[in-house]
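Novice: have a look at this prediction, sequence included:
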Amino acid sequence: MKFGFDIDDTLINLREHAFHLYNKKLNKELGIDLFLSLSTVEIHAPFGLTDEQGSQMWMDCMEEIYFTDCPAFADAIDTLNGLVAEGHEVFYITSRPKQYCWQTREWVKAQGFPVKDGNFFCGMADHEKIKIIQSLELDYYVDDKPAVLETLAEFGTKVIVKNQSYNQQIELPRLVDWCEFKNLL
Ligand SMILES: [Mg+2]
């Protein structure tokens, strides 16, 4: 079968990693409980930043957020390697900005995820992911972001939502822990 995965906050814990970086940079000590109760993908509100300041902060820190030591979610790397070992195809579909695509692919490989060069798609807008998912004829696709998931209703690929505080309203098969992935297939 063909499996497609978003990367940020689906396979790796990027927002929480960024939250810790914001604490350091802004000299704050906001608790993880604030992070876990966020109802938005964006993380700036608890730091008292406006949307404009928040998006500027994200842009300014982006390279550091992406390419330092952001951890993968537990069992995500093993799960994807297990799929490849069983003969399945694994694809990555990330809307990270174009200028970071090459570096992202190398970083994802370095973490131990199985990456075939032709199976890595990057730099599209959220709403453009559907075209790639359709053209690849994926059997399954996993993402965390409501704006993406909402475009994927009612078509051939089975969509799984990676559980996050900001996507509780999405009614799809829900992946909480990567060790349970196989149970959703
Ligand atoms: Mg994501």
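Specialist: On my side now, so go ahead.
Novice: helices and strands of the protein: which one bottoms out on pLDDT?
Specialist: helix 146-149 (a mean of 90; mean pLDDT, DSSP states H and E).
Novice: now find how far off-centre that helix is within its chain.
Specialist: 11 Å (C-alpha atoms, centre = their mean, to the nearest Å).
Novice: export it to CSV, keeping only CA atoms.
Specialist: What follows is helix 146-149, C-alpha atoms only, in CSV (Å, rounded to 0.1, in the frame of the first residue of the first chain):
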residue,chain,number,x,y,z
PRO,A,146,-7.7,21.2,10.3
ALA,A,147,-7.1,23.5,7.2
VAL,A,148,-5.6,20.5,5.4
LEU,A,149,-7.9,17.8,6.7
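Novice: 40 is where my numbering starts, stick with that
Specialist: Happy to do that; since the first residue is 40 now, the last one works out to helix 185-188.
Novice: list the contacts of it.
Specialist: Residues from elsewhere that reach helix 185-188 (C-beta atoms under 8 Å, 6 or more residues apart in numbering): 45, 80, 134, 165-166, 168, 182, 198, 200, 205-206, 208-209, 211. Just so you know, the C-beta spots here come from the backbone N, C-alpha and C atoms, and that holds for glycine as well.
Novice: now flag whichever of these is closest to the ion.
Specialist: Nearest to the ion among the contacts of helix 185-188, counting by C-beta to the ion, is residue 45 at 4.3 Å.
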